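Chemist: With the input below, show me the fold.
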Amino acid sequence: MKTIFLFISLLMIALHGCNGDAKIQKTNVVIIFLDDSGWADFEPFGEVSLETPNVVQLAAEGCAFQNFYVPQAICSASRSALMSGCYPGRTKVFGAHGPNGWGLDTTFSTMGEVFSKAGYATAAFGKWHCGDQPETRSHARGFDETCGLMYSNDMWKYHPGSPEYWGKWPLAYWENGEVVIEEVEKADQKNLTRWYTEHAVDFISRHSQEPFLLYVPHSMPHVPLFCSDEFEGKSGKGLYGDVILEIDWSVGQINQALKDAGVDQNTIVIMTSDNGPWVVYGDRAGSTPFREAKGTSFDGGIRSACIMKFPGKIEAGSISTRTLGSVDLLPTLCSLAGVPLPDNTIDGENVWELITGAEDALNPHSYYAFSNNRNLEGIISGDGRWKLHLPHPYRTLDPAGADGFPGRYVQAEIDTALFDMEADPYETTNVLTDFPEIASELISMAEKHQEKFYSEMK
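Modeler: Numbering: from 1, shown residues only. Here you go, the predicted model:
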């Protein structure tokens, strides 16, 4: 009898240990989403004169993805695509929604809702901008803990272009579904990056024994630029450099918190930006080597630097030129974490084999689509080789502004154009007539996408 009792006791201990290990080993997710950061703002993407050791370390521990695309180069559309895994044409979230905007409809599940339903602790600390109604704010969309702004930090009474208009709505700071600062002042903006970071570090510490999803959508480096006193003047490269240094500090704090909590080995960390730089602000904007910038469907607007780290699964210190899209993150992370996909239709695909660099992996997408506001403007082939622009107007800089005041855009137009992105990543030479078969194939794809997502808008 004693032998049987001992055997049962040992079995119970073993089973308890196995269950505990399984719980600890479940994949955590951390997404750091910058606002208007330039592709070349950080190493190892650009040749920068500003040292950002924490971002460099994150890249050294993971992979730098050079061809990562968002489907629309502006705030609400890009963020809603990330959260839902859907193109803007499906969700009808275009452009940047202002105060009281409905945002992402509740018929589309957010990443927070999907992971929360699967038993994950969830948090969103930063700029939400996927809806500013009681039903569409972050705390109502699957995130257990929240803090930050509901929309862009320039939508306030100190807006340099139209303060009278934006001053109609107080820019509030929220925590856990409640307003804690009714009207954000400049002194508050200086603390945004720090507040988001402190919440993120605390969240990791408190939830290290359960699976979690942490989303940190920074308000910076979107104008108006602010940083805490600790970083003001520290870069020697102006206010934009100071802001980048504080973001680098934030990345380091979050990365270290994962290590301190003992969960870095089973956590995937993703750092990227919602779109390219807002170059009309000149010295208050980031940099990109690609054509045009935020608000356009050229690569300066829709190609964002991206770093992914997952120890033992993503090769440390690697660089990838494979083409990926932000709409793919939701289904890929769901697969990685064993979390069911949302009930609604999504457009993203599981691209884990592409992320890990599997030798024979092919992109499951034949193309990625790019839009601006309510207009489909182009597509790029799934392998990233060919990019098609449909005829459309676009804004181009002439000239840049300075010291927090915007410069000026002028309108330009592009006709149907095909670019060989391997030979010409800066989209300078239209090769439409040189490759008629490829052009015809991409035009056909674009027409089908147009019919599927935009036909009711005609």
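Chemist: Ile307 contacts Cys63, doesn't it?
Modeler: Yes. Under the criterion of Cβ atoms under 8 Å, Ile307 makes contact with Cys63 at 7.0 Å. For glycine as for every other residue, the C-beta is placed from the backbone atoms N, C-alpha and C.
Chemist: I'd guessed Val243 sits against Pro221; true?
Modeler: Yes. Val243 is within contact range of Pro221, at 4.8 Å (criterion: Cβ under 8 Å).
Chemist: how about the helices in the protein?
Modeler: Along the chain, counting by DSSP state H, helices occupy 2-25, 53-61, 75-84, 88-91, 111-117, 163-166, 186-189, 192-206, 238-260, 299-302, 329-337, 352-356, 436-454.
Chemist: how about those, which one is nearest Ala412?
Modeler: Closest of the helices of the chain to Ala412 is helix 299-302, at 13.4 Å (criterion: Cβ to Cβ).
Chemist: Return the list of helices and strands in contact with the closest one.
Modeler: Packing partners of helix 299-302 (3 or more Cβ pairs under 8 Å, 6 or more residues apart in numbering; DSSP states H and E): none among the helices and strands.
Chemist: Outside of that helix itself, list whatever touches it.
Modeler: Helix 299-302 is contacted from outside by 39, 69-73, 275-277, 279, 288, 290-296, 370, 387, 421, 425-427, using Cβ atoms under 8 Å, 6 or more residues apart in numbering.
Chemist: Could you list the buried residues of it?
Modeler: In terms of neighbour count (16 or more other Cβ atoms under 10 Å), helix 299-302 has its buried residues at Asp299, Gly300, Gly301, Ile302.
Chemist: Could you identify the most distant pair in those?
Modeler: Largest separation among the buried residues of helix 299-302 by Cβ to Cβ: Gly300 and Ile302, giving 8.1 Å.
Chemist: Turn the buried residues of helix 299-302 into CSV, including pLDDT.
Modeler: Shown next, in CSV, are the buried residues of helix 299-302 (pLDDT from 0 to 100):
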residue, pLDDT
Asp299, 98
Gly300, 98
Gly301, 98
Ile302, 98
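Chemist: before we move on, back to that, narrow the contacts of helix 299-302 to just the buried residues.
Modeler: Among the contacts of helix 299-302, those scoring as buried are 39, 69-73, 275-277, 279, 288, 290-296, 370, 387, 421, 425, 427 (criterion: 16+ other Cβ under 10 Å).
Chemist: Show only the entries of these found in strands.
Modeler: Tyr69, Phe370, Lys387 (DSSP state E).
Chemist: and the last one, bridged to which residues?
Modeler: It stands for Lys387. Lys387 forms beta bridges with Ile380, Phe419, as assigned by DSSP bridges.
Chemist: Distance of it relative to Ser381?
Modeler: Separation of Lys387 from Ser381 (Cβ to Cβ, to the nearest Å): 8 Å.
Chemist: likewise Leu362?
Modeler: Separation of Leu362 from Ser381 (Cβ to Cβ): 12 Å.
Chemist: and if you look at Phe115?
Modeler: In terms of Cβ to Cβ, Phe115 sits 31 Å off from Ser381.
Chemist: which of those two has more neighbours?
Modeler: The neighbour comparison of Phe115 against Ser381 (other Cβ atoms under 10 Å) goes to Phe115, with 26 against 20.
Chemist: can you pull the contacts of the nearest residue to that one once chain neighbours are set aside?
Modeler: The shortest distance from Phe115 to any non-neighbouring residue, by Cβ to Cβ, 6 or more residues apart in numbering, is to Leu213 (4.2 Å). Going by Cβ under 8 Å, 6+ apart, Leu213 touches Asn28, Val29, Met111, Gly112, Phe115, Ser116, Tyr120, Ala121, Thr122, Ala123.
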